[in-house]
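Asks: Got a predicted structure plus its sequence, pasted below:
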Amino acid sequence: MEIMTISGINLEMQGKTKAEILEEFADLAVVNGKVTDAAGFYKDLCLREEESTTGFGGGIAIPHAKSTFVTEVGVLVGRGENQVAWEAMDDQPVHCWICLLVPETGGQEHLRLLSQLSRKLMDPDFVGKLKTGTENEILTLVQGVIS
């Protein structure tokens, strides 16, 4: 299976809190066949957030977790109208997310994806397209980074 597909993009995230957004991602991960249990993966995402924030800054966060509930590596992207408090590095709210799904044993893949995406988030053109692009544009954009 592919790491990212069009069905893994939700440009109408409804959550108003970090917990609600993480829950939406857990549900989306199940729908996309990458996670066996939404509640379990949600808990793993929350535990990761307790370690340190995944708020990158500039309105973007990269929630992620290595989890026994993840069956294969995946990337989900979400964007919403709500400005969500996320304890980001710049103390600004977040409205755009890239969620990484990694099996418990996928340490190297986890680091590779996180590194590639973090580096690309320094590029204003990439960030602009992520924040305003269509589903197809975002799919092409992110696949170009993670492949």
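Replies: Structure received.
Asks: Where does pLDDT dip in the protein?
Replies: For the chain, the stretches flagged by pLDDT under 70 are 1, 106-107.
Asks: all helices of it, in order?
Replies: 18-31, 38-51, 107-120, 124-132, 135-146 (DSSP state H).
Asks: What angle do helix 18-31 and the second one make with each other?
Replies: In this structure, helix 38-51 runs at an angle of 140 degrees to helix 18-31, with axes from the mean of the first three to the mean of the last three Cα atoms, to 10 degrees as the basis.
Asks: start the count at 18, not 1, going forward
Replies: All set: I'll call the first residue 18, so the last point we hit is now helix 55-68.
Asks: Closest to the centroid, which residue in the protein?
Replies: Nearest residue to the geometric centre of the chain (Cα atoms, centre = their mean): Cys116, 1.4 Å.
Asks: quick one: buried residues of stretch 74-92?
Replies: 74-84, 86-87, 89-92 (16 or more other Cβ atoms under 10 Å). Just so you know, the C-beta spots here come from the backbone N, C-alpha and C atoms, and that holds for glycine as well.
Asks: Based on its surroundings, how many neighbours for the closest residue to Ala102 other than its chain neighbours?
Replies: In this structure, Ala102 finds its nearest non-sequential neighbour in Pro110, 5.7 Å apart by Cβ to Cβ, 6 or more residues apart in numbering. Pro110 is flanked by 15 other residues according to other Cβ atoms under 10 Å.
Asks: from what I can see Pro110 touches Glu104, true?
Replies: No: Pro110 lies out of contact with Glu104 (Cβ atoms under 8 Å); the separation is 10.0 Å.
Asks: still on that earlier bit, quick one: contacts for the residue nearest to Ala102?
Replies: By Cβ atoms under 8 Å, 6 or more residues apart in numbering, Pro110 lies in contact with Gly76, Gln100, Val101, Ala102, Trp103.
Asks: Show me how far stretch 89-102 is from its chain's centre.
Replies: Computed by Cα atoms, centre = their mean, to the nearest Å, the chain-centroid distance of stretch 89-102 equals 5 Å.
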